[in-house]
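Chemist: What would the 3D arrangement of this be:
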Amino acid sequence: MKTWNFTVIAIACLTATVALRAQDSSPMTTIPKATTVDPPTTSTVMRTNSMTVLDDKKRLGSNDFVSFRVVEDRDNESQHLRVNDNGELEVPYIGLVPASGRTCKELAYSVKSLLEREYYYHATVIIAVDRVSEKSRGKVYVYGNVKGQGPQEIPADETYTVSKAIIRAGGFGDFANKRKVRVTRKDGKNFIVDLKRVIEEGHTDEDVVLEPDDQIQVPQRAINF
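Modeler: Next up is the predicted model:
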């Protein structure tokens, strides 16, 4: 009787083993992965209805492309405009507006004023850079107590400031007066920049954005013997 029971148990185990092997050899069901859909890219002009957040650093140049929208139009599509070779932007309703050398924020407020003269009771103008021209913006000139004097090309794809120009010039000389760096514009305007506050104390808002033909003069500090 014991021998018979043992035989039954052995047969049952063998049957279970064969069944498991058959199950393992069958193709596994592949669970489809969820498809991730990236949200559509939306330009800055479509994400905001406030002019206060518009860029106030980067200055536009010829052949830059911008997105333009007036919030009050309640239109979901922005218009893509190009700054022409003369540095002007052709804006709907009002025509050519000087754009080169202005920031998006400055240009938007200028356009707002023009639109409200005749076409809108109130206009919220949103302008943002789509693509900058790859052409040179022009040159600035660095003189005085720096390690490498001379002209510098203004990069097409960044906001070029006094501190960046000094860094590209190799940094200050040993006796530079960092607190009285002078920027002279071609129209005769002058700015005194305290780069010690900008670089060492973090007051980056005081770092002047450069324009073509600006001259940066780094004076020598008084030396007491």
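Chemist: could you pull out the strands for the protein?
Modeler: Counting by DSSP state E, the chain forms strands over residues 65-70, 79-82, 88-91, 95-98, 125-131, 139-144, 150-153, 181-184, 190-193, 215-218, given from the N-terminal end onward.
Chemist: can you state the direction angle for the first one and strand 125-131?
Modeler: Relative orientation of strand 65-70 and strand 125-131, computed by axes from the mean of the first three to the mean of the last three CA atoms, to 10 degrees: 160 degrees.
Chemist: quick one: contacts for the nearest residue to residue 94 once chain neighbours are set aside?
Modeler: For residue 94, ignoring the flanking residues on the chain, the nearest one in space by CB to CB, 6 or more residues apart in numbering is residue 114 at 4.7 Å. Every residue, glycine included, has its C-beta placed from N, CA and C. Contacts for residue 114 (CB atoms under 8 Å, 6 or more residues apart in numbering) come out as 91, 94, 97.
Chemist: Could you measure from the last one over to residue 70?
Modeler: Using CB to CB, to the nearest Å, one obtains 14 Å as the distance from residue 97 to residue 70.
Chemist: cool, and residue 83?
Modeler: Summarising the geometry, the distance separating residue 83 from residue 70, computed by CB to CB, is 18 Å.
Chemist: returning to that earlier point: residue 97 and residue 70 - which one has more neighbours?
Modeler: residue 70 (22 against 16; other CB atoms under 10 Å).
Chemist: Residue 160: which of the strands of the chain is closest?
Modeler: Across those, residue 160 has its closest neighbour in strand 139-144 (7.4 Å, CB to CB).
Chemist: Which parts of the chain are helices?
Modeler: Secondary structure of the chain by DSSP state H: the helices cover 2-25, 44-47, 104-118, 162-168, 195.
Chemist: how about the spatially most central residue of the chain, what does it touch?
Modeler: Central residue of the chain (CA atoms, centre = their mean): residue 158, 7.9 Å from the mean position. The neighbours of residue 158, taking CB under 8 Å, 6+ apart as the test, are 58, 164.
Chemist: Quick check: it vs residue 204, distance?
Modeler: Remark: distance between residue 158 and residue 204 (CB to CB) = 14 Å.
Chemist: and if you look at residue 149?
Modeler: Distance, residue 149 to residue 204, using CB to CB: 25 Å.
Chemist: Give me the buried stretch members for stretch 143-161, please.
Modeler: Burial within stretch 143-161, assessed by neighbour count using 16 or more other CB atoms under 10 Å, is assigned to 144-146, 152, 154, 160-161.
Chemist: now, the most widely separated pair of those?
Modeler: 145 and 154 (22.0 Å).
Chemist: Am I right that residue 179 is in contact with residue 199?
Modeler: No. Judged on CB atoms under 8 Å, residue 179 makes no contact with residue 199 at a distance of 11.0 Å.
Chemist: Can you pull out the low-pLDDT segments for the protein?
Modeler: When the per-residue scores of the chain are filtered using pLDDT under 70, the ranges that remain are 1-46, 76, 133-136, 157, 223-225.
Chemist: same thing but at 50, please
Modeler: 1-42, 225 (pLDDT under 50).
Chemist: count of residues packed around the nearest residue to residue 69 once chain neighbours are set aside?
Modeler: Among residues not flanking residue 69 along the chain, residue 78 sits closest, at 4.2 Å (CB to CB, 6+ apart). Summarising burial for residue 78: neighbours were counted as other CB under 10 Å, giving 20.
Chemist: And for residue 102?
Modeler: Number of residues near residue 102 (other CB under 10 Å) recorded here: 20.
Chemist: Use 617 as the first number for this chain going forward.
Modeler: Let's use 617 as the start, then, which means that last one is residue 718.
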